[in-house]
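**Q** 3D, please:
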Amino acid sequence: MAEDRVRVVIAEDSVLLREGLTRLLTDRGHEVVAGVGDGEALIKTVAELAAEAALPDVVVADVRMPPSHTDEGIRAAVRLRRDHPGIGVLVLSQYVEERYATELMAGSGGGVGYLLKDRVAEVREFVDAVVRVAGGGTALDPEVVAQLLGRSRKQDVLAALTPREREVLALMAEGRTNSAIAKALTVSEGAVEKHVSNIFQKLGLSQSDGDHRRVLAVLTYLNG
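**A** This next block holds a predicted model:
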């Protein structure tokens, strides 16, 4: 992936919204290589791009698409995470589909995100999320995190974390930087760095995991 440009496939059944998202991204220098209106077309399009060795950096997909308008989009997203783990997947929807959202987060490989349409307040926020997920990071709406955690059972793997470390990890799940976390919690950035280091250590994430440690920590948090 080029540093300042990402290649995107958009899966959205609303033509107006699909074209609007395309315009937002292309106006900011990114390339929308395909736009489709249902989950089956998304799977087919990505497979065709894979055959041409031209996989996108990230897929932006709605949850509910034709023919039944229930969960076709997110099921396609889960399948893409399995079949093409190097692709980032960002779900953009009005709904939190808890069952498949958990499965989506559990997938390995590229970045992952889940944003709620009605809660994206700024264009820059959305574009930044697309770029972050394309680069292997996470972008999760706090409401999505709250609903998934409310659905989860006791997470023994996280039992060693302090309440403050859980707060830091929850903010990491939203895709926030250490600086943004420090501002949200009204603490120093150094304090956040210490908390993050402790989280990595307690979750058994070593230096060898590199930059993906943040993603691995968030997935452990959501699926532990």
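
**Q** Enumerate every residue touching the spatially most central residue of the chain.
**A** When Cα atoms, centre = their mean is applied to the chain, the residue found nearest the centroid is residue 113 (1.4 Å). Residue 113 makes contacts with 88-91, 129, 132-133, 138-140, 175, as judged by Cβ atoms under 8 Å, 6 or more residues apart in numbering. (C-beta placed from N, C-alpha, C; glycine too.)

**Q** now do 10 Å
**A** 58, 60, 88-92, 104-105, 129-130, 132-134, 137-141, 144, 174-175 (Cβ atoms under 10 Å, 6 or more residues apart in numbering).

**Q** and what of residue 201?
**A** Each residue near residue 201 by Cβ under 10 Å, 6+ apart is listed here: residue 160.

**Q** Surely it is within a strand?
**A** No. Going by DSSP: H, G, I helix; E, B strand; the rest coil, the assignment for residue 201 is helix, not a strand.

**Q** what about the residue nearest to the centre of the chain, which helix or strand?
**A** strand 112-116 (DSSP states H and E).

**Q** For the very next helix or strand once past that strand, what is the distance to the chain centroid?
**A** Downstream of strand 112-116, the next assigned helix or strand under DSSP H and E is helix 123-134. How far helix 123-134 lies from its chain's middle: 10 Å, per Cα atoms, centre = their mean, to the nearest Å.

**Q** dump the residue contacts of residue 34.
**A** 7-11, 22, 41-42, 45-46, 48-49, 56, 59.

**Q** and the two most separated of those?
**A** 22 and 48 (18.5 Å; Cβ to Cβ).

**Q** Looking at those two, which is more packed in?
**A** residue 22 (19 against 11; other Cβ atoms under 10 Å).

**Q** And the more buried one, how far from residue 9?
**A** 11 Å (Cβ to Cβ, to the nearest Å).

**Q** Now do the shared contacts for the two.
**A** 32, 34-35, 60.

**Q** any idea which of these is the one closest to residue 96?
**A** Distances from residue 96 to the shared contacts of residue 22 and residue 9, taken by Cβ to Cβ, are shortest for residue 60, at 16.6 Å.

**Q** In terms of helices and strands, where is the residue nearest to residue 12 when sequence neighbours are not counted?
**A** Nearest non-adjacent residue to residue 12, counting by Cβ to Cβ, 6 or more residues apart in numbering: residue 18, 4.2 Å away. Following DSSP H and E, the helix or strand that holds residue 18 is helix 15-27.

**Q** between the contacts of residue 34, which is nearest residue 82?
**A** residue 46 (11.9 Å).

**Q** Touching, that closest one and residue 81? I think so.
**A** No. Contact criterion Cβ atoms under 10 Å: residue 46 and residue 81 do not qualify, at 11.1 Å.

**Q** Right, I'll leave it there.
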